[in-house]
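Participant: Need the 3D shape of this:
(chains A and B)
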Protein chains: 2
Amino acid sequence: MKKQVPSTVIRRLPRYHRYLGDLIKAGYVRISSRELSEKMRVTASQIRQDFNCFGGFGQQGYGYNVNALFKEISSILAVDMHYKAILVGYGNLGNAIANNVNFDKRGIELAGIFDINDNVIGTKIRDIEVMHMDEITNFIEINQPKIAILTLPKSEAKAVFDLLVKMGIKGFWNFSNMEINPPEGISIENMHLGDSLMTLCYKIKNDLQ
Amino acid sequence: MKKQVPSTVIRRLPRYHRYLGDLIKAGYVRISSRELSEKMRVTASQIRQDFNCFGGFGQQGYGYNVNALFKEISSILAVDMHYKAILVGYGNLGNAIANNVNFDKRGIELAGIFDINDNVIGTKIRDIEVMHMDEITNFIEINQPKIAILTLPKSEAKAVFDLLVKMGIKGFWNFSNMEINPPEGISIENMHLGDSLMTLCYKIKNDLQ
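Facilitator: Numbering: from 1, shown residues only, chains lettered A, B, ... in the order given. The predicted structure follows:
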């Protein structure tokens, strides 16, 4: 069943996760789909439809249990898998991601950072020392990360991708602008920042929110 | 008609734009929807459906004129509007975006960068000097940018957003993780990096590409 959940629904789950996390912090114990709908500015029927893709999370007349719902969505989003990640390419973008993304909140451990630039190798970020690419195969063998964040130049991305697939990396968060047809068993999320910027320009031109 | 184009179609346009740009560089003059479909790994019928949302771009038996198609899609994506943009918040992420995003290719001029940190004010990136936030209203009055890139902390984002709306900014590329219900006439693209990372974890857990 899981594999048939539409990708548009999947893409909404992290937002539910964020909102529910905020509700817990704000002390909420229960919330109705109507209330959640008002807060998140989506229709209550969409919320119910989305949740029904995963069995409905058992809302009774008095609403959802916020903690239980948060836990279920966390589990669907694999927060409890505690995947390890490595980041490859510690330029501006790699630096920004290592600094700005809250990995813990997603159950992910950023375990290693790699580059080939002597100016950054040995520097530390979040207690992780940037290592030379020469050490990456050894590191993967020992630490068995599942995720690689590709923040290296497009020209070098394909060779690194192929190596990492061979080494057993299962998921790629791809900021390199390299277009890839992932082999069987490999997951990929492509982050083309420029695409989002063009979508914004379309919205501005057409006066869309 | 434009306003009825589904957002899923809009979100695919920048990818067409990239591919067509690459085809032009590679010397292509014409391409059939079948050939384009193979290159982009989407079905030919989806390509035709997507293009039909904009009138079809007149493919005859011998395929699309690559240059003409690129120009039409560029125009739909407002590349010819030559919007000016400002970037607010020159930390790691602002730095990465200023350095890595190809604004020219999207017809956009990154016109000004603002921060409140004395350590970065006066530094230059792409010939743009980072200015103090105190200068932002004056700069907007003179330069009339349409787009603001928000790469400042969430805690400060709402106040800056409100100011910029008042100053006439029409579109926001929002990396601040602030949730906003944009007022009438304001366009927004929210970039929640963490949401994409969670989607990747879901894909890994469920063995999806």
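
Participant: for the strand ranked longest in chain A, packing partners?
Facilitator: Secondary structure of chain A read by DSSP state E shows that its longest strand is strand A:109-115. Packing partners of strand A:109-115 (3 or more C-beta pairs under 8 Å, 6 or more residues apart in numbering or on different chains; DSSP states H and E): strand A:84-88, helix A:92-100, strand A:128-132, helix A:136-143. Quick note: C-beta positions are derived from backbone N, CA and C, even for glycine.

Participant: CSV please, covering these and showing distance to B:N190.
Facilitator: Formatted as CSV, the helices and strands packed on strand A:109-115 follow (distance: least, C-beta to C-beta, whole Å):
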stretch, distance to B:N190
strand A:84-88, 23
helix A:92-100, 15
strand A:128-132, 28
helix A:136-143, 33
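
Participant: so which of those comes closest to A:K205?
Facilitator: Taking C-beta to C-beta, helix A:92-100 is the member of the helices and strands packed on strand A:109-115 nearest to A:K205, at 27.6 Å.

Participant: can you pull the buried residues of that closest one?
Facilitator: A:92-98, A:100 (16 or more other C-beta atoms under 10 Å in any protein chain shown).

Participant: Could you do stretch A:56-70 as well?
Facilitator: Using 16+ other C-beta under 10 Å as the test for burial, stretch A:56-70 gives A:57, A:59, A:63-66, A:69-70.

Participant: could you pull out the strands for chain A?
Facilitator: A:30-31, A:64-65, A:84-88, A:109-115, A:124-125, A:128-132, A:147-150, A:171-174, A:187-190.

Participant: Which of those has the highest mean neighbour count?
Facilitator: Most buried of those, by mean neighbour count (mean count of other C-beta atoms under 10 Å in any protein chain shown): strand A:147-150, with a mean of 28.

Participant: could you pull out the helices for chain A?
Facilitator: Here chain A has its helices, by DSSP state H, at A:7-25, A:33-40, A:44-52, A:66-76, A:92-100, A:136-143, A:154-167, A:193-205.

Participant: Let's have the ones you listed in JSON lines, adding mean pLDDT.
Facilitator: JSON lines is the format used below for the helices of chain A (pLDDT from 0 to 100):
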{"stretch": "helix A:7-25", "mean pLDDT": "93"}
{"stretch": "helix A:33-40", "mean pLDDT": "88"}
{"stretch": "helix A:44-52", "mean pLDDT": "88"}
{"stretch": "helix A:66-76", "mean pLDDT": "94"}
{"stretch": "helix A:92-100", "mean pLDDT": "94"}
{"stretch": "helix A:136-143", "mean pLDDT": "98"}
{"stretch": "helix A:154-167", "mean pLDDT": "97"}
{"stretch": "helix A:193-205", "mean pLDDT": "96"}
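
Participant: To B:D22, which of those lies closest?
Facilitator: Comparing the helices of chain A by C-beta to C-beta, helix A:154-167 comes nearest, at 11.5 Å.

Participant: can you list contacts of the closest one?
Facilitator: A:88, A:136-137, A:140-141, A:148, A:150, A:152, A:172, A:174, A:176-178, A:180, A:183, A:186 (C-beta atoms under 8 Å, 6 or more residues apart in numbering or on different chains).
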